[in-house]
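Novice: below is the structure, and that's it, no one-letter string:
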């Protein structure tokens, strides 16, 4: 019987090649998209799942305030970990961590290593990174000890054993003893490093204050159910700890480690994703699969009239209803199996492209885990039954007497089902097109918005302590290079400034402080970055010397640059602020020298807040403004000068544009993914419409022949065949319009600065959808209208 069913299925596929091709293409694309997106979603959901104690680990979030507004961030001082471990029985262990780029040298090999991390010796108490060589209890115990990942060890030492050897770190070339080799960090881990050094290597780290919050602290709780009880104790404990600072609020919140990657608003060592985007991608994958299934159901039910006599004969010869039903379910299973096999081949071919699109490193072998194979098997069976059961029930329910007498017609209920599925297919496509257009418009708005600074043609170069000692000479030589307009140094470039401080005016009482973001700069920062002075004058070299903490350790004199928001926060207009005395933090008294126009020093998700720029000898990067005439020549010249003046570190740079784009990495990725899959969705919808319009034209071929004999024009016939489908596409647009409007406005709420969804988005979507539907239907309608009526009427 199975052999007979197989023969029948293959004959049916061959007889209806065109419709089989449409179904096969639709299902294959649907399965391929579903598999690719499934691998991506699994990769995201499995972040940090390898951490055996992950459910007991908490990241500490600092909350502080100098006034009404409470600021929060994923940073703490070095005091939190030891104090919490001593005072809270819920805490079993704790680790402090810090990540920063370092220069690493071994013999003649010198690299600027970006994934260089410091951690307490308790690191291995919390995290499940396996040491291949070395001892977990002593590997990070004591200063100047370091552990390398397996890949890093091979890069520096080849196949020789590096344990016991030393690496020279940073410009000071401090020797670090290699005490172990650790497994490479998994791809789906928020903690990734190439070098893991002992936390005590950073110097005399003391538990003096809850400020100086530049580190990340993780706690290991004794019980995964202790989060709530510990969290409830922290505010009261911190109130006692901060009793000597009555006008300052400091507390801490616990963030479950397993929730950080997808749920946290605070970035970690690796960029976070959003669970919202995972839901969106999951929905898109399912919707595309639904479109393919609906096409299959539509063509199956529409073609039922063609197979009615076959079913009638089978029933007359003794086949019962369930035999006919399982025969057609078998055809569905076979067609879906062929689609799955082709999809697996396409996934292997498309995975490198998809990894580039999603910025992932998913391997093809990840598909063949027992869990994924079970999921794939389930999807195959579900789609086979979901797509084939309704057509199978329709066919198995035919009455053989009516069929063989030629009295059978498609039912009105079947027609209504097909129309409903067409509408739903185009609703999905319209929704995805609206979402794609709005996201792209928001990203265009972000790229084109005047942010208040110039990010084009600005190079960002690293700046270490050894370079700072020779900075004036380096700066002078750089400015002699062709194509360089300005050179500056700072801690932060304008794309992202995060330093948390407090300030007050001279007229405010000592306890009247307000929160502010502040950043150290030099006298050319404003010029190099294109910030606009509203009042006052820029910093000078004399201002830099007066504020030099090394030259004037007792009484440095500060001149401040405020943005307009900071001036308003202190109760001043831009002009009135000039010359006013103010205090930044507890140890920086000075005077306002200039007010600059507000600019976006964070992403457009955030509102512009008060900002203070102040002179300081403390810097970590150089900003080099180029004229843009010959970038490659200018960069080559800088590289040659770098080799002469900065021989201790390799020449590496990036553009400020790249730093800006990193702020919107998730949004850019979502826009790319939606653009691709919205196109696939509309392609599948049109493919299904092409099949149905072809079948409709085929069913009305005699009617078309009669109309042509009676004088109907080509346009009239095309209009008759197309009208119904165009109305269905229009109905789909009208139904999808409010859903799309609601969804995109919800997404835009995450941005403090955003576009207004214009009516043109919906007009473009509607016109595009109806035009595509019209061309799709008209393509087959014109072919039918041009057919020779003599052939179609020959049998009458």
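Specialist: Received the coordinates, thanks. In this text the structure is predicted, and so the values were computed from the model without any measurement. Numbers count the residues shown, from 1 in each chain.

Novice: per-residue pLDDT, the residue nearest to residue 774 when sequence neighbours are not counted?
Specialist: Computed as C-beta to C-beta, 6 or more residues apart in numbering, the closest residue to residue 774 that is not its neighbour in sequence is residue 726, at 5.8 Å. Every C-beta, even on glycine, is put in place using the N, C-alpha and C of the backbone. On the pLDDT scale, residue 726 is placed at 83.

Novice: contact partners for residue 196?
Specialist: 117-119, 123, 140, 146-148, 182 (C-beta atoms under 8 Å, 6 or more residues apart in numbering).

Novice: so residue 175 belongs to a helix, correct?
Specialist: No - assignment of residue 175 by DSSP: H, G, I helix; E, B strand; the rest coil gives strand, placing it outside any helix.

Novice: count the residues that sit near it.
Specialist: 11 (other C-beta atoms under 10 Å).

Novice: what does the one 4 residues further on give?
Specialist: Neighbourhood size, residue 179 [other C-beta under 10 Å]: 24.

Novice: picking that back up, now that we have the contacts of residue 196, which of them are buried?
Specialist: Burial by neighbour count, judged by 16 or more other C-beta atoms under 10 Å, picks out 117-119, 123, 140, 146-148, 182 from the contacts of residue 196.

Novice: narrow those residues to those in strands?
Specialist: 117-119, 146-148, 182 (DSSP state E).

Novice: need those in CSV (columns: pLDDT and distance to residue 281).
Specialist: Output for those, formatted as CSV (pLDDT from 0 to 100; distance: C-beta to C-beta, whole Å):
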residue, pLDDT, distance to residue 281
117, 96, 30
118, 96, 35
119, 96, 33
146, 96, 39
147, 96, 36
148, 96, 36
182, 96, 33
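
Novice: tell me the one among these nearest to residue 473.
Specialist: residue 118 (31.1 Å; C-beta to C-beta).

Novice: the closest one reaches residue 97, doesn't it?
Specialist: Yes - the criterion here is C-beta atoms under 8 Å, and residue 118 meets it with residue 97 at 6.5 Å.

Novice: shared neighbours of these two, anything?
Specialist: Contacts common to residue 118 and residue 97, judged by C-beta under 8 Å, 6+ apart, are residue 199.

Novice: the strands in the stretch 401-550 of the chain, which residues?
Specialist: 458-462, 484-490, 500-505, 514-521, 533-536 (DSSP state E, counting those that start in this stretch).

Novice: by contact count, what packs against the last one?
Specialist: Under the contact definition 3 or more C-beta pairs under 8 Å, 6 or more residues apart in numbering; DSSP states H and E, strand 533-536 sits against helix 574-577, strand 588-596.

Novice: pick the most deeply packed of those.
Specialist: strand 588-596 (a mean of 21; mean count of other C-beta atoms under 10 Å).

Novice: after that one, which helix or strand is next? Please name it.
Specialist: Of the helices and strands lying after strand 588-596 in sequence (DSSP states H and E), the nearest is strand 611-615.

Novice: that older thread, and the helices and strands packed on strand 533-536 as JSON lines, adding mean pLDDT and distance to residue 131?
Specialist: Below are the helices and strands packed on strand 533-536 laid out as JSON lines (pLDDT from 0 to 100; distance: least, C-beta to C-beta, whole Å):
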{"stretch": "helix 574-577", "mean pLDDT": "94", "distance to residue 131": "57"}
{"stretch": "strand 588-596", "mean pLDDT": "94", "distance to residue 131": "45"}
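
Novice: between these, which one is nearest to residue 351?
Specialist: In terms of C-beta to C-beta, the element of those nearest to residue 351 is strand 588-596, at 47.9 Å.

Novice: thinking again about what came up before, wait, which of the contacts of residue 196 is closest to residue 109?
Specialist: Of those, the one sitting nearest to residue 109 (C-beta to C-beta) turns out to be residue 148, at 13.1 Å.

Novice: separation between that closest one and residue 505?
Specialist: 51 Å (C-beta to C-beta, to the nearest Å).

Novice: which of the strands of the stretch 401-550 of the chain has the lowest average pLDDT?
Specialist: Across these, strand 500-505 gives the lowest mean pLDDT, at a mean of 86.

Novice: what's that strand packed up against?
Specialist: Strand 500-505 packs on strand 514-521, strand 581-584, going by 3+ C-beta pairs under 8 Å, 6+ apart.

Novice: would you mark the buried spots in the last one?
Specialist: Spelled out, it's strand 581-584. Result for strand 581-584 [16+ other C-beta under 10 Å]: buried residues 582-584.

Novice: from these, pick the one nearest residue 470.
Specialist: residue 584 (28.4 Å).

Novice: isn't the closest one up against residue 590?
Specialist: Yes - shown here, residue 584 and residue 590 form a contact pair, counting by C-beta under 8 Å, at 7.0 Å.

Novice: need the residues touching each of these two.
Specialist: Going by C-beta under 8 Å, 6+ apart, residues that sit against residue 584 and also against residue 590 are 558, 560, 614.

Novice: gap between residue 516 and residue 684?
Specialist: Distance, residue 516 to residue 684, using C-beta to C-beta: 53 Å.

Novice: more crowded one of those two?
Specialist: residue 684 (28 against 25).

Novice: wait, is the more buried one part of a helix?
Specialist: Yes - residue state for residue 684 (three-state DSSP) corresponds to a helix.

Novice: quick one, what contacts it?
Specialist: Counted by C-beta under 8 Å, 6+ apart, residue 684 has contacts 26, 29-30, 288, 291-292, 295, 425.

Novice: any idea how far residue 346 is from residue 353?
Specialist: Residue 346 is 11 Å from residue 353, by C-beta to C-beta.

Novice: then residue 364?
Specialist: 13 Å.

Novice: residue 230 too?
Specialist: Taking C-beta to C-beta, one finds residue 230 at 46 Å from residue 353.

Novice: when these two are compared, which one has more neighbours?
Specialist: Higher neighbour count among residue 230 and residue 353: residue 230, with 21 against 11, using other C-beta under 10 Å.

Novice: wait, what's in contact with that one?
Specialist: Residue 230 touches 58, 88, 90-91, 221, 254, counting by C-beta under 8 Å, 6+ apart.

Novice: same thing with residue 558?
Specialist: Applying C-beta under 8 Å, 6+ apart, the residues near residue 558 are 546-547, 584, 588-591, 614-615.

Novice: domain parsing of the chain, as residue ranges.
Specialist: With domains defined by automatic domain parsing, the chain comprises 1-47+273-410, 54-263, 458-662.

Novice: got TSV for those, with distance to residue 771 too?
Specialist: Formatted as TSV, the domains of the chain follow (distance: least, C-beta to C-beta, whole Å):
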stretch	distance to residue 771
domain 1-47+273-410	19
domain 54-263	39
domain 458-662	34
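
Novice: okay then, goodbye and thanks.
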